[in-house]
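Participant: no sequence for this one, just the structure:
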Ligand code: G4P
């Protein structure tokens, strides 16, 4: 096998997603410890913005600092190169997470055993499902009392509209938590809250009717385990790797991340089954990772991390071929060649200059303002990667320049922040007013703060009564024209000039959808 192909097949690129507090940071850290990428617990900083410090901008900057340094956390395990792409810890930045999910090949979803499926678990899993991204669930905090295992599996299936396949099963929980039976490897793994996983007893049981089971977990737990496993085998399908890879079934593991329990089982199964870098759709054709020509797209931008240098870092997911330092690549949108003398790999807070990167890898490129989210780089072929949607925002405000002498700085700052994907901006056709749309409240404060500190500009917000912004298209030009005329006051353009309908209420949205059946209303911009 060529060295390119063997490098490609070594890559596993995924994200860990969870509702805040479920244990994403803790699990990430334990995985990095296994891979030897960090030596001590506590080395991975939580990128959460604590609720009590929502308007503390030092906290936001601290979070940005952590986010840039932990964008990719890579480690080697069993000869594989594993890339964990970090996602923001605060739900107001969910859109950033959605974009990161376009750059991974699979996901691990952490669920808190007591809280079950939470709001962010639902939203993020839904984004994975839109793309058939293979998912593994990790039910965390089994050292605490929580929901019954069967109840949780039902909840995951119903709320998330997925089919599950438990590959490990808890023996008790909370005070009575004895360990897990690993159905993937047919092993019993015993819990020792004070021990390290390496020291833990793991006993292989090909057959649970083995009378030795009682010796390890006691009579009543053995009886329950046998019954439950029998029931699981009757109710859930046997594990089928292809069904997992197609996003049809989701393996489930149980454990306790903070105790490093059940994590090795998860990782060992993950490296066995998780997909190698997958092909990616472009508007023109399917791009396969093994193609020899390089292609990649920008899924994340961090700007102005260093106040003395107005530079940005654009994160590019390599989709095909080999990326090389100092080689000329074509920026498709700008129709220009660029070469990158100092591409960087951000690996668990270590920054290294990189000579080459392979499909599945993420490269950080220093940029002076040429990149936007979604931009494509290739060796010349005109390609446009699909699947970097902008989601219909949920909160809206008018934004106005608050310092007439700084109009230019204001406009530039806003434009750059929008390129970075901090929020979305719509310009209303009828009066030219700018409307900022976000998923969360926090972005408004972030924009205001960053305009001041990075662009020396001031903004002011005014309330706007809006329920939703949705993109509109139609195959029937006459119908579209009529719609645009009738709803003139509610039409805007997004940053790419696409038409957007601004609906004041849910009722209005429903009515126009009924009255204009030939017009299509889209809730993501990828139409
Ligand atoms: P997040 O990134 O998903 O937001 O969650 P994070 O890992 O920060 O974990 C949230 C809290 O849950 C942390 O406690 C963490 O220690 C705890 N936790 C993680 N895994 C387990 C587990 O298996 N069992 C139990 N009982 N707790 C777990 P914290 O009090 O918020 O922070 P800390 O002071 O402990 O760091």
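Facilitator: Received it, and whenever you're ready, just let me know what you need. From a predicted model like this one, the values you see are computed outputs, not experimental measurements.
Participant: From now on I want contacts and neighbour counts done on CA atoms only, so please keep to that.
Facilitator: Will do.
Participant: Domain boundaries for this structure, per the record?
Facilitator: Here the domain parsing of the chain from automatic domain parsing is 3-273, 280-378, 392-526.
Participant: Including mean neighbour count and mean pLDDT, could the ones you listed go into a markdown table?
Facilitator: What follows is the domains of the chain, written out as a markdown table (neighbours: other Cα atoms under 10 Å; pLDDT from 0 to 100):
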| stretch | mean neighbour count | mean pLDDT |
| --- | --- | --- |
| domain 3-273 | 19 | 85 |
| domain 280-378 | 20 | 89 |
| domain 392-526 | 17 | 91 |
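Participant: Those: which one's closest to the ligand?
Facilitator: Closest of the domains of the chain to the ligand is domain 3-273, at 3.2 Å (criterion: Cα to the nearest ligand atom).
Participant: Check the offset of the longest helix seen in the chain from the chain's centre.
Facilitator: Scanning the chain for the helix with the most residues, using DSSP state H, yields helix 219-235. Centre-to-centre, helix 219-235 and its host chain are 35 Å apart (Cα atoms, centre = their mean, to the nearest Å).
Participant: what's the following helix or strand after that helix?
Facilitator: Once helix 219-235 ends, the next helix or strand along the chain (criterion: DSSP states H and E) is helix 241-245.
Participant: gap between that following helix and the chain center?
Facilitator: On Cα atoms, centre = their mean, the centre of helix 241-245 falls 21 Å from the chain's centre.
Participant: picking up where we left off before, now the domains of the chain in TSV, please, with extra columns for distance to the ligand.
Facilitator: Output for these, formatted as TSV (distance: least, Cα to the nearest ligand atom, whole Å):
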stretch	distance to the ligand
domain 3-273	3
domain 280-378	15
domain 392-526	17
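Participant: With distance to residue 386 added, can I get the ones you listed in TSV?
Facilitator: Below are the domains of the chain laid out as TSV (distance: least, Cα to Cα, whole Å):
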stretch	distance to residue 386
domain 3-273	9
domain 280-378	5
domain 392-526	8
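Participant: So what does residue 385 have for phi and psi?
Facilitator: For residue 385, the backbone dihedrals (degrees, to the nearest 10) come out as phi -70, psi 140.
Participant: For it, list the residues it contacts.
Facilitator: Residues near residue 385 by Cα atoms under 8 Å, 6 or more residues apart in numbering: 280-283, 297, 374, 376.
Participant: now the helices for the stretch 51-200 of the chain?
Facilitator: 57-69, 94-101, 119-130, 149-160 (DSSP state H, counting those that start in this stretch).
Participant: Among those, which comes closest to residue 506?
Facilitator: Nearest of the helices of the stretch 51-200 of the chain to residue 506, taken as Cα to Cα: helix 119-130 at 20.0 Å.
Participant: now the angle between helix 149-160 and that closest one, please.
Facilitator: Relative orientation of helix 119-130 versus helix 149-160 (axes from the mean of the first three to the mean of the last three Cα atoms, to 10 degrees): 60 degrees.
Participant: hmm, back to that, which elements pack onto the longest helix of the chain?
Facilitator: Applying 3 or more Cα pairs under 8 Å, 6 or more residues apart in numbering; DSSP states H and E, one finds that helix 219-235 contacts strand 168-171, helix 212-217.
Participant: got the contact list for it?
Facilitator: With Cα under 8 Å, 6+ apart, helix 219-235 has contacts from 166, 169, 171-172, 208-209, 213-214.
Participant: relative to its centroid, which residue of the protein is most remote?
Facilitator: Farthest-out residue of the chain from its mean C-alpha position, per Cα atoms, centre = their mean: residue 211, at 44.9 Å.
Participant: Quick check: the closest residue to residue 187 other than its chain neighbours vs residue 175, distance?
Facilitator: Excluding its sequence neighbours, the residue lying closest to residue 187 (Cα to Cα, 6 or more residues apart in numbering) is residue 204, at 4.2 Å. Shown here: residue 204 relative to residue 175, a distance of 24 Å by Cα to Cα, to the nearest Å.
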